[in-house]
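Visitor: Requesting a structural model of the entry that follows:
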Amino acid sequence: MRIVSLAIAAFTVLAFNGFAEDKVLKVGDEVPDATTTDESGKEVKLSSFKGKTGIVLYFYPKADTPGCTIESCGFSKENKAFLDKGYTVLGASCDAPDAQLKFKKKFDMPISLLSDPKAELAAMFGFKPHERKTVVIDKDGKIEHIYTKVVPGEHIAEVLKNLGAK
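Guide: Below you'll find the model as predicted:
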């Protein structure tokens, strides 16, 4: 039985990795609809933003850790600037909704924090669990920019500066 379980697990990993590599989204691609939950357990669909606002979707390794706190508080501090440019900021990590809620409340963040426990949302963009990356999605649902090298203290200003520049 154990051998069968290991074989199924190996097949699942190989199938998932092959699928992810074949389907990795890139700049200019339309983002398929994806659904996850926010810090309060409320369902969030990426498609619900289409036609209304762009999205700055940043992925961070773990709630309430030093780098993630710097990044999340930075995005929160500049939230109005992002909204003024027509973008909604969403943070995402593998943390459970209750951990996200605790993190959000501790630092009084105005932005939504998404729970991606199986890293399915991250995988859609070719990211591994616990990576620090950011995707900017325009109002039409297309990827405008992907940031793969993120320095938490500098990243927010970089994203703000580049918004709308295709």
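
Visitor: CA only for contacts and neighbour counts going forward, please
Guide: Fine.

Visitor: And residue 87, its phi and psi?
Guide: For residue 87, the backbone dihedrals (degrees, to the nearest 10) come out as phi -130, psi 140.

Visitor: Give me the nearest residue to it, chain neighbours excluded.
Guide: In space, and not counting its chain neighbours, residue 87 is closest to residue 54: 4.3 Å by C-alpha to C-alpha, 6 or more residues apart in numbering.

Visitor: Tell me who's in contact with the nearest residue to residue 60 once chain neighbours are set aside.
Guide: Nearest residue to residue 60, sequence neighbours excluded (C-alpha to C-alpha, 6+ apart): residue 132, at 4.6 Å. With contacts defined as C-alpha atoms under 8 Å, 6 or more residues apart in numbering, residue 132 is in contact with 58-61, 148-150.

Visitor: what's the distance between the closest residue in space to residue 128 that isn't next to it in sequence and residue 142?
Guide: Leaving aside its chain neighbours, residue 128 sits nearest to residue 122 (6.4 Å; criterion: C-alpha to C-alpha, 6+ apart). Distance of residue 122 to residue 142, given as C-alpha to C-alpha, to the nearest Å: 16 Å.
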